[in-house]
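Colleague: Okay, predicted coordinates and the sequence, questions at the end:
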Amino acid sequence: MESFEEKVKKDLHQYLVKMGGVDEKLPECPDVEELWRDVEKAYLPDAVREFTDYPTVSLGWIMFVGMALAKYWDVDWEKYGKESGEKLYTDLRDAKGYDNMDDYILYDVLQLDKEEGEKVSEIVGECAARVLSAIHRSEIEPGTEEAVAAYRGALHALYIMGMAMELNALGYHMQLMG
């Protein structure tokens, strides 16, 4: 049976392909993927605190983190690869605060112009809304271990998709074989 995380990842992937944000074959970046557990450990308290009042922010901001870490990987992994995922996340968060982390990543880290930043924000917002809808449609009882696992799985899927979007934007394209 397909996990909630896999369902979310599949839906996000299909949406992002349609939007031109990723290719059919997702790029892989084991260096950034391996940071997930540390990033999650640091991100989860912030995300849970925000979920009640700002659920799409709680979900969407992790995509921006995935994008930022992919950018760091491309620009200077010799430097950034020495840091823990927890430190990399807290540095991103603390640069301008959690509430402004999206703008900090879009404009300071990724160095997008206003139009590009707005387009990426719109896509991330739609991804977060899709995941929130999937959470609401699931028959998972809120507050249970299963709900926590689904939420964590959704965050992981969003992180991976954020990473994939940025790698794609940086020109890393994978071709399907066959």
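Modeller: Thanks, I have the structure now.
Colleague: What strand or helix carries the spatially most central residue of the chain?
Modeller: For the chain, the residue nearest the mean C-alpha position is M63 (2.0 Å; C-alpha atoms, centre = their mean). Following DSSP states H and E, one finds M63 within helix 55-80.
Colleague: Now the residue nearest to the centre of the chain. Nearest residue, chain neighbours left out?
Modeller: G162 (3.4 Å; C-beta to C-beta, 6 or more residues apart in numbering). C-beta: built from backbone N, CA, C; applies to glycine.
Colleague: elements contacting the helix holding M63?
Modeller: Contact partners of helix 55-80 among helices and strands, from 3 or more C-beta pairs under 8 Å, 6 or more residues apart in numbering; DSSP states H and E: helix 30-33, helix 36-51, helix 85-96, helix 101-103, helix 114-137, helix 145-169.
Colleague: Is it possible to get a markdown table of those that adds mean pLDDT and mean neighbour count?
Modeller: Formatted as a markdown table, those follow (pLDDT from 0 to 100; neighbours: other C-beta atoms under 10 Å):
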| stretch | mean pLDDT | mean neighbour count |
| --- | --- | --- |
| helix 30-33 | 96 | 17 |
| helix 36-51 | 96 | 17 |
| helix 85-96 | 98 | 17 |
| helix 101-103 | 98 | 19 |
| helix 114-137 | 97 | 16 |
| helix 145-169 | 96 | 22 |
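Colleague: Quick one: closest of those to G21.
Modeller: The minimum distance between G21 and the helices and strands packed on helix 55-80 falls on helix 145-169, with 4.8 Å, by C-beta to C-beta.
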